[in-house]
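Q: all I have is the shape, not the residue letters:
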């Protein structure tokens with residue numbers, strides 16, 4: 001476990017480098033790592049976190065050095081107030097480079113320096129819009145937070161203020177939604193002075209008059225109960241009205257991802273999580289629905305065999321055609337004659353040759369294979385369809401899982417594993433340059449903002465650290481992202497706790513499809529009675545220009561009264577309460593050789609890509625680790641404390657902690673099984689392989 005010194009190093013930005021580290025793997029990344037909310041673990045970008053965990057697990061000494069004050073870089077998850085701070089920081093576009101170049105005096109004549117860029121240019125074109133009722137008072141704070149929200153005109157200085165729990169508590173109870181506060185007729189009668197007088201007069205009348213009055217009171221009472229019951233039913237059917245104040249107060253219930261991805265149940269990331277036993281640090285839920293957008297309607301796509309035959313959207317002939325084609329895709333390599341003549345075709349053109357209806361072609365192309373209509377060939381489409389089908393049924397009726405509390409939990413899990421095996425994380429600690437030995441051409445050290453030289457054997461650097469001089473030959477792609485907070489689901493059903501994925505085909509051939517992931521409050525990413533909706537596509541323009549037309553098709557951007565008139569004669573659209581648009585740089589696919597004159601022991605990690613899964617990040621991390629340590633196993637499972645045998649008397653101590661001493665022998669872990677519990681899945685140490 002982490003020592004108090006390690007905790008102090010992270011929380012206070014203190015650097016424990018007095019003796020120089022001579023055998024460390026430095027993972028340099030501009031964005032900060034920090035302790036997670038409750039679990040004492042660090043976060044960082046996914047490739048760097050995996051590399052750090054693998055190196056630490058293999059016995060290397062690992063140090064993560066980060067400069068920013070938030071977690072995970074472009075893989076981060078934010079609360080609502082944290083996202084507002086992120087917006088403000090990126091819109092200011094401040095260059096955090098200090099004027100002083102004193103560090104250059106530390107470079108010897110036999111050395112040269114690679115200066116590192118301290119300005120992050122990976123995020124551009126940020127736009128945010130609040131559509132909810134902006135009744136925000138100046139003294140409204142996020143419930144349970146120590147800092148006052150300092151964005152969107154509330155406060156511009158970002159000074160820390162201590163919130164009062166007494167002030168937050170009553171507003172917090174309101175933010176759960178307008179609950180009907182009903183008073184029974186009995187209580188009204190008991191508290192009414194006139195009723196008390198009538199009861200006093202009635203006691204002096206005859207028994208027959210009392211009987212008549214009692215009968216009339218009972219009928220009035222029953223009538224009042226029926227009226228109140230009907231009022232309560234009507235209020236329950238009406239959607240909850242969410243204001244901006246409620247979003248701010250409940251801001252800690254939001255975990256908003258900068259990158260929107262899902263986990264394939266048989267993908268590389270799930271395999272790595274289960275193999276390394278890192279999965280015990282996280283919980284997951286099944287994606288419950290796969291949706292399609294066709295002819296202006298959103299409808300659910302049947303995926304499994306049971307869904308296909310229970311579907312009312314398909315005719316009996318279509319069901320047989322679909323099952324036949326999907327069965328072929330599962331082992332298409334065994335039947336090359338079926339597709340050999342169409343290898344050069346687009347997958348969309350190949351589907352037309354299979355005698356499938358246009359309805360089935362749409363489902364397969366956009367909701368099952370999820371490939372580009374314009375760019376994906378026949379083999380790519382068949383591979384994607386096979387992968388989809390192979391992932392079905394492992395943990396639920398869909399192939400996808402989503403981590404509770406957001407995608408930012410995954411890097412955190414690997415950073416925790418690194419810390420458990422001795423890795424050190426230090427935030428608010430910027431790096432000025434890398435020091436290269438002219439004779440050998442290898443990087444030998446780095447110089448931090450204290451002017452201190454720290455030596456290491458290997459350096460893992462996030463690509464945004466390199467200046468334009470180093471990246472002269474780069475041509476980066478861009479990702480268009482949008483994040484919406486809405487009041488209803490895009491497809492209403494009996495259950496309001498649905499996790500959905502929808503692919504909207506492009507309006508024009510050649511444009512990218514738009515992927516939409518809708519998260520409910522049970523994923524721990526948004527407050528009650530709201531939904532968090534992520535839009536992602538490859539950029540052709542700014543994010544708002546790429547995505548807002550689709551947002552307007554699926555959602556209402558108007559006020560409550562305008563939405564009522566807008567929805568007359570048609571289905572009611574969900575209302576957008578708050579929206580954020582931004583472009584993110586996609587540096588995946590950039591080869592290390594594209595960087596100018598990088599030393600052989602400096603490795604570059606890219607940011608998030610535009611794909612739905614995280615296979616690229618896992619492959620990149622494993623490739624870099626194998627280049628550094630070709631004889632080491634990549635992220636092996638940790639030893640089971642029960643299988644540790646100590647030399648000597650053969651007795652085992654009560655302390656289950658791990659030891660790196662030479663007198664410890666570990667037995668191989670027994671084969672373990674995996675399990676899934678339907679809608680919610682938690683991988684554990686005992687259940688981590690199928």
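A: Ah, there it is. Source: prediction; values computed, not measured.
Q: what comes up buried for stretch 287-304?
A: Within stretch 287-304, the residues that qualify as buried are 287-294, 298, 300-304, counting by 16 or more other C-beta atoms under 10 Å. Any C-beta I mention is one placed from the backbone N, CA and C, and that applies to glycine too.
Q: any low-confidence regions in the protein?
A: Within the chain, the stretches with pLDDT under 70 are 1-44, 71, 93-100, 136-141, 144-240, 472-473, 559-570, 641, 643-690.
Q: wait, residue 332 sits on residue 386?
A: Yes: under the criterion of C-beta atoms under 8 Å, residue 332 makes contact with residue 386 at 6.6 Å.
Q: helices of the stretch 201-350 of the chain, residue ranges please.
A: Remark: helices assigned in the stretch 201-350 of the chain by DSSP state H, counting those that start in this stretch are 207-237, 244-249, 268-275, 305-310, 316-330, 347-352.
Q: buried stuff in the second one?
A: Residues 244-249 are the ones in helix 244-249 that count as buried (16+ other C-beta under 10 Å).
Q: any chance of these in a markdown table, plus distance to residue 623?
A: Listed next are the buried residues of helix 244-249 as a markdown table, based on distance: C-beta to C-beta, whole Å:
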| residue | distance to residue 623 |
| --- | --- |
| 244 | 46 |
| 245 | 49 |
| 246 | 46 |
| 247 | 42 |
| 248 | 43 |
| 249 | 45 |
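Q: from the residues you listed, which is closest to residue 504?
A: Closest approach to residue 504 among the buried residues of helix 244-249 (C-beta to C-beta): residue 247, at 25.8 Å.
Q: residue contacts, the closest one?
A: 80, 132, 254, 485, 527, 530, 577-578 (C-beta atoms under 8 Å, 6 or more residues apart in numbering).
Q: who wins for most neighbours among the residues you listed?
A: Compared across these, residue 530 has the highest neighbour count, 27 neighbours, by other C-beta atoms under 10 Å.
Q: what about that residue, distance to residue 92?
A: 28 Å (C-beta to C-beta, to the nearest Å).
Q: residue 135 - how many residues pack around it?
A: Using other C-beta under 10 Å: residue 135 sits among 10 other residues.
Q: what's near enough to touch it?
A: Going by C-beta under 8 Å, 6+ apart, residue 135 touches 243-245.
Q: distance of it relative to residue 510?
A: 44 Å.
Q: spell out the secondary structure type for residue 446.
A: Under DSSP: H, G, I helix; E, B strand; the rest coil, the three-state class of residue 446 is strand.
Q: who does it bridge with?
A: residue 434, residue 454 (DSSP bridges).
Q: for stretch 432-442, which positions count as buried?
A: 432-436.
Q: check these against residue 47 and report the nearest one.
A: residue 434 (18.6 Å).
Q: verify the stated contact: the closest one with residue 601.
A: No: contact between residue 434 and residue 601 fails when scored by C-beta under 8 Å: they sit 10.1 Å apart.
Q: overlap of the contact sets of these two?
A: 443, 459.
Q: about what we covered before: quick check: the farthest pair among the contacts of residue 247?
A: Once C-beta to C-beta is applied, the contacts of residue 247 give 132 and 254 as the farthest pair, at 13.7 Å.
Q: OK, contacts around the nearest residue to residue 251 once chain neighbours are set aside?
A: Distance criterion C-beta to C-beta, 6 or more residues apart in numbering; nearest residue to residue 251, sequence neighbours excluded, is residue 80 at 3.4 Å. Counting by C-beta under 8 Å, 6+ apart, residue 80 touches 142, 149, 247-248, 250-252, 254, 256.
Q: got the contacts of residue 247 as TSV, with secondary structure and distance to residue 445 columns?
A: Output for those, formatted as TSV (DSSP: H, G, I helix; E, B strand; the rest coil; distance: C-beta to C-beta, whole Å):
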residue	secondary structure	distance to residue 445
80	helix	41
132	coil	52
254	coil	41
485	strand	46
527	coil	47
530	coil	49
577	strand	50
578	strand	46
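Q: secondary structure class for residue 418?
A: helix.
Q: now do the same contact list for it.
A: 42, 49, 52-53, 55-57, 62, 64.
Q: out of those residues, list just those in helices.
A: 49, 52-53, 55-57 (DSSP state H).
Q: nearest to residue 630, of those?
A: Ranked by distance to residue 630 (C-beta to C-beta), the ones in helices among the contacts of residue 418 are led by residue 55 at 13.3 Å.
Q: the closest one contacts residue 628, doesn't it?
A: Yes: taking C-beta under 8 Å as the definition, residue 55 is a contact partner of residue 628 at 7.5 Å.
Q: okay, those two: which has more neighbours?
A: A count of neighbours by other C-beta under 10 Å puts residue 55 above the other of residue 55 and residue 628, at 26 against 19.
Q: roughly how far does the closest residue to residue 522 other than its chain neighbours sit from residue 584?
A: Nearest non-adjacent residue to residue 522, counting by C-beta to C-beta, 6+ apart: residue 497, 4.6 Å away. According to C-beta to C-beta, residue 497 stands 29 Å off from residue 584.
Q: before we move on, what about residue 516?
A: From residue 516 to residue 584 the distance is 17 Å (C-beta to C-beta).
Q: residue 245 now?
A: 30 Å.
Q: likewise residue 461?
A: Counting by C-beta to C-beta - residue 461 and residue 584 are separated by 19 Å.
Q: with residue 113 instead?
A: Applying C-beta to C-beta to residue 113 and residue 584 gives a distance of 29 Å.
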